[in-house]
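> Build the 3D model from these lines:
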Amino acid sequence: MQNNFVETIIGAVVLIVAAVFLIYAYAAGGKSSVAGYEIIAKFNRVDGLKKGSDVRMSGIKIGSVIRQKLDPRSYLAVVTFSVSNDIKLPLDSSAQISSDGLLGDKYLSLQPGADEQMLGDGGEITHTQGSVDIVSLVGRMIFSQTSQGKKNSKSNNVR
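The predicted structure is shown next:
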């Protein structure tokens with residue numbers, strides 16, 4: 001009987017530790033949204049960017065991605081994101097999809113412009129650069145190295 005009581009206590013402790021870990025993991029996830037005004041931007045590619053992704057300026061989070069959809073006319077990805085109310089973006093600002101390291105999460109990076117007019121709620125950033133497809137870049141590099149090797153071996157055989 002004493003043995004069952006000890007096992008029950010150990011099981012309860014394990015459940016409490018698991019719950020604390022889950023709460024910590026959720027809080028450390030950093031996917032909290034930022035209240036502010038909404039802006040849209042159109043991209044040719046948004047690979048890896050998702051709802052809740054960070055919007056950063058100079059490496060500091062100033063907003064978050066709210067939604068994404070495909071424009072049926074232009075076939076561009078329309079990304080709607082929020083920016084903190086205390087950050088005012090010039091009309092000629094630009095947006096780029098970047099990543100944290102080689103295989104890290106994607107985020108939306110904003111570069112402020114120099115225009116005197118500011119973007120308001122519902123404004124659009126027209127200067128955009130979509131995400132880079134790392135797999136195709138690596139494939140191109142490998143293919144170009146392979147074709148260079150074949151050219152060099154053919155030129156060495158001509159002698």
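
> mind exporting stretch 91-108 as PDB, just the C-alpha atoms?
The C-alpha trace of stretch 91-108 is given here as PDB (Å, rounded to 0.1, in the frame of the first residue of the first chain):
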ATOM      1  CA  LEU A  91       5.300  55.900 -47.900                       C
ATOM      2  CA  ASP A  92       8.400  54.600 -49.800                       C
ATOM      3  CA  SER A  93       9.400  51.900 -47.200                       C
ATOM      4  CA  SER A  94      10.300  48.500 -48.500                       C
ATOM      5  CA  ALA A  95       9.600  44.900 -47.200                       C
ATOM      6  CA  GLN A  96      11.700  41.800 -47.600                       C
ATOM      7  CA  ILE A  97      11.200  38.200 -46.400                       C
ATOM      8  CA  SER A  98      14.300  37.200 -44.500                       C
ATOM      9  CA  SER A  99      15.300  34.200 -42.400                       C
ATOM     10  CA  ASP A 100      17.100  33.700 -39.100                       C
ATOM     11  CA  GLY A 101      20.200  31.900 -40.300                       C
ATOM     12  CA  LEU A 102      20.300  29.300 -43.100                       C
ATOM     13  CA  LEU A 103      17.500  27.100 -41.800                       C
ATOM     14  CA  GLY A 104      15.800  29.500 -39.400                       C
ATOM     15  CA  ASP A 105      12.200  30.900 -39.300                       C
ATOM     16  CA  LYS A 106      11.200  33.400 -41.800                       C
ATOM     17  CA  TYR A 107      10.200  36.900 -40.900                       C
ATOM     18  CA  LEU A 108       9.200  40.100 -42.600                       C
END
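
> For L15, see how far away G120 is.
According to Cβ to Cβ, to the nearest Å, G120 stands 50 Å off from L15. C-betas here are computed from N, CA, C, even on glycine.

> Next: I9.
For I9, the distance to L15 - Cβ to Cβ - is 11 Å.

> What of I66?
Separation of I66 from L15 (Cβ to Cβ): 36 Å.

> now do D121
Distance, D121 to L15, using Cβ to Cβ: 46 Å.

> Straight-line length of stretch 88-100, end to end?
25 Å (Cα to Cα, to the nearest Å).

> again with stretch 102-115
End-to-end span of stretch 102-115 (Cα to Cα): 33 Å.

> Now do the domain split for the protein, please.
1-30, 33-136 (automatic domain parsing).

> which other residues reach stretch 122-137?
For stretch 122-137, the surrounding residues in contact (Cβ atoms under 8 Å, 6 or more residues apart in numbering) are 37-49, 77, 89, 91-97, 99, 102, 106, 110, 113, 119.
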